[in-house]
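Q: 3D model of this:
(3 chains)
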Amino acid sequence: MEKAHADEFPLTTDSSEKQGVVCIFGTGDFGKSLGLKMLQCGYSIVFGSRNPQVSSLLPRGAEVLSYSEAASKSDIIILAMHREHYDSLTELVDYLKGKVLVDVSNNRKINQYPESNAEYLAQLEPGAHVVKAFNTISAWALQSGTLDASRQVFVCGNDSKAKQRVMDIARTLGLTPLDQGSLMAASEIENYPLQLFPMWRFPFYLSSVLCVFFFVYCAIREVIYPYVNGKTDATYRLAISIPNRVFPITALILLALVYLPGILAAILQLYRGTKYRRFPNWLDHWMLCRKQLGLVALGFAFLHVIYTLVIPIRYYVRWRLRNATITQALTNKDSPFITSYAWINDSYLALGILGFFLFLLLGITSLPSVSNMVNWREFRFVQSKLGYLTLVLCTAHTLVYGGKRFLSPSILRWSLPSAYILALVIPCAVLVLKCILIMPCIDKTLTRIRQGWERNSKYTQSALNGKSDI
Amino acid sequence: MEKAHADEFPLTTDSSEKQGVVCIFGTGDFGKSLGLKMLQCGYSIVFGSRNPQVSSLLPRGAEVLSYSEAASKSDIIILAMHREHYDSLTELVDYLKGKVLVDVSNNRKINQYPESNAEYLAQLEPGAHVVKAFNTISAWALQSGTLDASRQVFVCGNDSKAKQRVMDIARTLGLTPLDQGSLMAASEIENYPLQLFPMWRFPFYLSSVLCVFFFVYCAIREVIYPYVNGKTDATYRLAISIPNRVFPITALILLALVYLPGILAAILQLYRGTKYRRFPNWLDHWMLCRKQLGLVALGFAFLHVIYTLVIPIRYYVRWRLRNATITQALTNKDSPFITSYAWINDSYLALGILGFFLFLLLGITSLPSVSNMVNWREFRFVQSKLGYLTLVLCTAHTLVYGGKRFLSPSILRWSLPSAYILALVIPCAVLVLKCILIMPCIDKTLTRIRQGWERNSKYTQSALNGKSDI
Amino acid sequence: MEKAHADEFPLTTDSSEKQGVVCIFGTGDFGKSLGLKMLQCGYSIVFGSRNPQVSSLLPRGAEVLSYSEAASKSDIIILAMHREHYDSLTELVDYLKGKVLVDVSNNRKINQYPESNAEYLAQLEPGAHVVKAFNTISAWALQSGTLDASRQVFVCGNDSKAKQRVMDIARTLGLTPLDQGSLMAASEIENYPLQLFPMWRFPFYLSSVLCVFFFVYCAIREVIYPYVNGKTDATYRLAISIPNRVFPITALILLALVYLPGILAAILQLYRGTKYRRFPNWLDHWMLCRKQLGLVALGFAFLHVIYTLVIPIRYYVRWRLRNATITQALTNKDSPFITSYAWINDSYLALGILGFFLFLLLGITSLPSVSNMVNWREFRFVQSKLGYLTLVLCTAHTLVYGGKRFLSPSILRWSLPSAYILALVIPCAVLVLKCILIMPCIDKTLTRIRQGWERNSKYTQSALNGKSDI
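A: Model (predicted):
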C-alpha cells in the first residue's frame, strides 16, 4: 500500500515527462495560470469546480471535475479560491483527509482576519496537511513567463513531507522555494505581498518632513524676505536654487541619523553596564532601517550633485556672471586673485566630491549581491569606517562652504540663520559623541560590554568564566 | 546487489575525500580541464581515449584507458567529444547500457542540427541515461579557477536519478546546477552558450536606427543648412552638439516605447473583451524586451546628462559667452534680468534632473539582486507608477525646453521642424492614451477583464461563479 | 534502535514546531546568541557549562547542565568555546563518541596554528564527527536579526550525514549553507572571516603608489616650479587641479594594467608553444585581480569626471575667464572663432564621455548578480571587446587632449614632460602589442595553442587526434 502510494505520486525531484497528477480547486485566473504553467512543466492537472460543465477556457489537456471527484484523483490539492469560500470545503472533509492542501490565497488588507487563511483552513480540515505557498507569485507573471519580479516562493506548513513536495513543485516550475517553518509563519507570508516597502516608510516620511521644513524655511529667507524688504521677485529661486539647499541639508541630516542610533545604543549599553537588555522599540526599529535611511540620503546627495553641476548652464547664473564682468569692465576696477578664496572654494568642492564618492561606494556595497560577497569583517569595515569617513567629509564640506559666513551677523534674516547652520547641528553632535566614545577608556569598557561582560551582574564570576567561551 | 551498487557510487552529497570514479571520454581541452577540476574535488578520474598510449599531458592521477575499458570502470561517463564523433560510440552500446552519459557538447551555430546533440545521443544509446550538462561552463574558467562568469550549470535529462547525480557533481565542483526538465530542453541548453544578448538585439537595432536617423536629420538642419545658406562651417557641432540632441531624443522615444506595448495590450484586451487570447507575436516579443529597451534608454539618458554637463567647459560655448559679454560691454547695452526666462530655464533643468533621477531608480531596481528583494506589488509600483512618472517628467522636460519655440515658424529649416518636436510625438501619444485608459469607466472594464471576466463568453455564468476563485 | 534514533532527531528538513534538541557547549556571547536564535526557530537547547549554576542571562527556555550531562541530551553539540580550551574536552571522549561536534571557532590571526581548529578537534575526539560551520556569522547579526552582511555559512566535514544535519540547521535559521567539502577546507574557512579584502590589496597599493608619485610629480611641475621661477603662489592647485591630473592618469594606467597580463600570457603561450604550463605566480595573481584593478580604475575615472564637471564653478576658473574677457574688452582685440580648436576640444570631451560610459557598463556587468545572468560568450564579449574599446577611447581621449602640445618643447619644466605623456606609455604599449597579437598569422597560432595544440609535444599525434574531442 505504501509502495503503491509512492509510485502514484513520484513528485520528489523526478522531472522527467511524468510529474504526477495535481488537483487545482477553483478555475479563477490564478488557478488557470498555475494549471497552465504546471501542464507545461509535465504535470497532469485536474481542476475541481463547483460547476464543472460551465468552466470555460481552461488550459488544453486539463480535466474539469466536481470538487469531490477531482480530490480523489490526486493527493495534492491547490486551493485557488478566496478564503470566504473555504467553509464550502467542510463538506469535503472526508475526501481531503491525508491530502496535501496548498493554500495560495491572499487577503486584501494586512491582518484582515484574526488568524491567517492557512491556519483557518487547517482548522476546517484537521485531517489534511495544509501548506502555504505560491501566494507571492502573480498570475500575470506565470502566464507571460517573464518572472521579472521575485521568483521566491515562501513555503510553510506543519508537515515536513507535505512541505517538501510543494517545494519540489515550485522548483520544477522554475521558482525558488524558501522554507519559512511551521504554519505559524503563514500570516507573515500572507502579509508579505501586501506590503509596500515597509522598511522605507520611516525614512520616506522623515525625509519628506525634513524637505518640506527646509523648503519653507529657505523660501522664507530667500524669496519672501527679499520680496517684503526690497520688492524683488526671487520666485525663480524655487526651481533650482532652493532645492539645491534643501537636498544637501536633508542628505547630511539623514546620513547623521544613520549613525546616531548606534551611538545612542552604545551610550545605553554604557549606562546599563550590560548588552543583555533589549533596546527600546523605537531604537530597535531605527537601527533596522539605517540602510534605507542611508540610501535615501544617497538619493538626495545625488540630486545635490546634479543640481550643483548644472549651475553654470543656468540663465540666472550666466546673466549674473555676464553682468558682473561688464560692470567690472566698465568701471575698470581691478579684481585681484585672492588665493585664500581659491583655497576655500576648491577645498569644499574637493571635500564634497570625495564625500559623495565614498557615499556612492557605501551604496554599492549595500546592493544585496555585493554585500553577499563580503565577510562580516569587511562589511563592518565598509559600513562603519568608511561610513564615518563619509560623514566627516560631508560635514567638513558644509563647514568649509559656510566658511567665515558663520561669524557674520549679516546672514541673519528675520533672525533666521542660514539653513546649513541648522543642518550642521545633528552631524556635529554625532561626530562629537563618536569622538568621546572612541576615547580609549570608554572604548575599552564598551568593548568589554559588547563581548558579554556585565557591570552589575550577580554572576560576575560567570562572566569571568565566560572568557573561555565564544 | 542494490546495496553493492549504492556503495560503489556514493555520489549523493557525500563530499568526503572519496567521491567515486567518473569516466571522461575524450582528452581534448575541455575534457582535461574538467578532469583536473574533478580530481581536485576528490573524484577518481578515468579517461577514455581512442589512442590511450599517445594521450599527452593529462592531469596527474588520472588513468587513460580505451573507451570500453574506461566505460567499465564507472557508471557515469562524461562525453567530452564533438557530436560528429558520436557514431563511433555505437559499437560501445553494450558497455554503455544503464550508464549515465553526460553530454557536454556545444555546436558552432544555433540550431545547427535538426535535433539536439543530447537527443541524438539518446537515440544512439537507447540503453543509457543521457543527461545534458556542463556545456555552459568554459574550459578556461575551470582551469583558472576564476568563475567570474556564470556558475550556472543547466541540467536536463529524462531519468531523474541520473540527473540528480550529475547535479551533485556540479555542486561538488562549486557550480550551481539548475534542473531544466526533460531532454526536450537540451536544444535550448545547447543554444544558450551561443547566444549573444538575444533580448538586447531588438532594442539595440531600434536605438541604432533612431540614432542614425536623428543624427542625419540634425546634421542636415544644423550643419548642411547653414553651410548652404551662409557658407558657415558648423561641422564642429558633429562631436557634441548634435549627439546631445540625438541622445535625449532616442532616450525619450525608447522610454515611451517601453510603455506603448502595455497600452496596446490593454486596447487589444478591451477590444476583444477577454484576456484569454494570445497577443500577436510581435507584441509578445516587444513586451518581453521592455526591460532591455528601458535600460538602453537609460544609457542614452546618462550620455545626455554628461554631454549637457560638459557644455560650460567647451571652447565653443566659452568663446560665444565671452563674445556676447564683450559685445554687450562695448555697445554698453543694458540686458535686464527676465524672470520668466529664469523660470523656464530652471524648470526644464529641474524636470530633467528629477526625471533622470527616477529613471536611474528604475534602472537600479531592475538589477537582478534588487528585484529579487521586492514583492510583486512593490515591483509593479516601481516599474509602473514610477515609470510613468519618469515618462511624464521627461516629456515635460522636453516640452518646457521647446517652450515658445514650437509656435515660431523661424525654426523650420527647409520645412524641417526641430528634431525634438518629432521626438515628442510618441511620448505624448503614449501619455494621452494612458490618460484615456485610466479614466474610471474604461479602467473598470479593463480591471474586470484582467481578473478573468469575458465579454463574449458563452460561459458568462462561469465567470460570475469564478468570482469565488482566485 | 535505528528507528528510535530517527525519531529522536528529526532534523532533516522537518521544520514543524519540534526541531529536536541541540546542545551548545559554552555560554559566551556567541553561544547565547546562537542558542536564542535556535530556540526561536523551534529547537530545544541545552547549554553545557563548566559552572552551570553561575551561568547568567541565558535565553529563557534553555537548560544549563554540566558538559557531560548536556552532551547526553543531544547527539549534536555546538562548541562555542575558544580553541585554547579544547583540551578540557578530552575527558569527555566517551560522552562525545558518535556525536556531531560543530566547531564554530575563529582565530585571532590568519594561520595562527599549524592545523585548523576543526582538525585539531577531530584529533582530540577521534570518535566524533567534527563539522566546521557558523564561524562566518556574527553574534550581533544573530541577535539583531538583521543579517545585512553575508548569510552564507560555509560547512565542511568528513562525515556527509553529520554535515547534512548541520546544513539543515543553518537552513532552518534562515542562513545559506555552502558545502565546502572535507575537513581539509576548515583552515580556509577559519581564515575567511579574518580576511580584509585580500584581492583588493594589490590594486589598492598599486593605485596608492601611482597616485602619490604623480601627485608629487605634478606638484613639482605646477606648484614648486612656478614658485621657484616666478615666486607665484600656486598652492591652491593642490586641491582640485592637480588631483584632476592624478586621477585620470591613475585610472588610465590601471585600466591598461587590466589588459597587460592577458597580453603577457598570450606572449608566454606563443613563446612556449603550449598552454599546458603554469604561468609564473606573479602573473597568475595579477590575472586573478584584474576585476579589482578595473574597478579601482573606474573609481578614479569617476572622480576625474566629477572633478572635471565642477571646473566651471571654481572661483579660480571664473576669475580667470572674467579677467580674460575684461582684458579682451578693454584692449578691444578681436578673438576669431577657430574651428579646429572647437573640433579638438569637443573631440576629446566626446571620447572621454564615451570611454567613461563604456567603462561604467563594464563595471555594472561585473556586479555579481549581473554577471550571473550572462553566458560565457556574452561575458567575454563585454569584458574583452568592450574592454579594449574602452581602453582605446580613453587613450585617444588623452592623446587628443595632449594634442599639439606633445611637440612643443615649452611644456618641459626642469626637463620634466607633462604627466599625461608618462601616463600614455603603458596604454599605448598595451594597444600596440594587442594589435600585433590580433594579426591573422599570430592570432591563428594563438588560437590553436588555446585549443590545446602544442608545438613541441612528443605527442603531436595526440593533438591531432584530440581534434575529435572537446
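Q: And what about A:Val131, helix, strand or coil?
A: Under DSSP: H, G, I helix; E, B strand; the rest coil, A:Val131 falls in the strand class.
Q: Show me what it bridges to in the sheet.
A: Beta bridges link A:Val131 to A:Val102, A:Gly157, judged by DSSP bridges.
Q: could you measure it against A:Gln164, distance?
A: Distance of A:Val131 to A:Gln164, computed by CB to CB, to the nearest Å: 9 Å. C-beta here means a position set from N, CA and C on the backbone, and glycine is covered the same way.
Q: pretty sure A:Thr232 belongs to a helix, no?
A: No - secondary structure of A:Thr232 (three-state DSSP): coil, not part of a helix.
Q: That one reaches A:Val223, doesn't it?
A: No - using CB atoms under 8 Å, A:Thr232 is not in contact with A:Val223; the gap is 9.5 Å.
Q: Those two - which one has more neighbours?
A: Set A:Thr232 next to A:Val223 and count neighbours by other CB atoms under 10 Å in any protein chain shown: A:Val223 wins out with 19 against 13.
Q: which residues does that one contact?
A: A:234-235, A:237-238, A:242 (CB atoms under 8 Å, 6 or more residues apart in numbering or on different chains).
Q: among the residues you listed, which are within reach of chain B?
A: Applying CB under 8 Å from any CB of the partner chain to these, one finds that A:Thr235 fall near chain B.
Q: Just give me the least confident of the contacts of A:Val223.
A: By pLDDT, A:Ala234 ranks lowest within the contacts of A:Val223, coming in at 85.
Q: List the contacts of it.
A: Listed by CB under 8 Å, 6+ apart, the contact set of A:Ala234 reads A:222-223, A:226-227.
Q: want to try CSV for those, with secondary structure and pLDDT as columns?
A: CSV is the format used below for the contacts of A:Ala234 (DSSP: H, G, I helix; E, B strand; the rest coil; pLDDT from 0 to 100):
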residue, secondary structure, pLDDT
A:Glu222, helix, 87
A:Val223, helix, 90
A:Pro226, helix, 88
A:Tyr227, helix, 90
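Q: just curious, which of these is nearest to chain C?
A: A:Glu222 (19.2 Å; CB to the nearest CB).
Q: Ignoring the adjacent residues along the chain, who's closest to the closest one?
A: The shortest distance from A:Glu222 to any non-neighbouring residue, by CB to CB, 6 or more residues apart in numbering or on different chains, is to A:Arg237 (5.5 Å).
Q: Next: A:Leu142.
A: Closest residue to A:Leu142 apart from its sequence neighbours, by CB to CB, 6+ apart: A:Ser33 at 4.3 Å.
Q: and the residue of the stretch 251-400 of chain A nearest chain B?
A: For the stretch 251-400 of chain A, CB to the nearest CB, closest residue to chain B: A:Ser369, 3.5 Å.
Q: Can you read off the pLDDT for that residue?
A: 80.
Q: Tell me the residues on the stretch 201-350 of chain A that lie near chain B, please.
A: Residues of the stretch 201-350 of chain A lying near chain B (CB under 8 Å from any CB): A:233, A:235-236, A:239-241, A:243, A:299, A:302-303, A:306-307, A:309-310, A:312-316, A:318-319, A:322-323, A:325-326, A:329-330.
Q: still on that earlier bit, my read: the residue of the stretch 251-400 of chain A closest to chain B touches C:Ser366, true?
A: No - in this structure, A:Ser369 is not within contact of C:Ser366 by CB under 8 Å, at 10.9 Å.
Q: returning to what we had before: out of the residues of the stretch 201-350 of chain A next to chain B, who's near chain C?
A: A:309, A:312, A:325, A:329.
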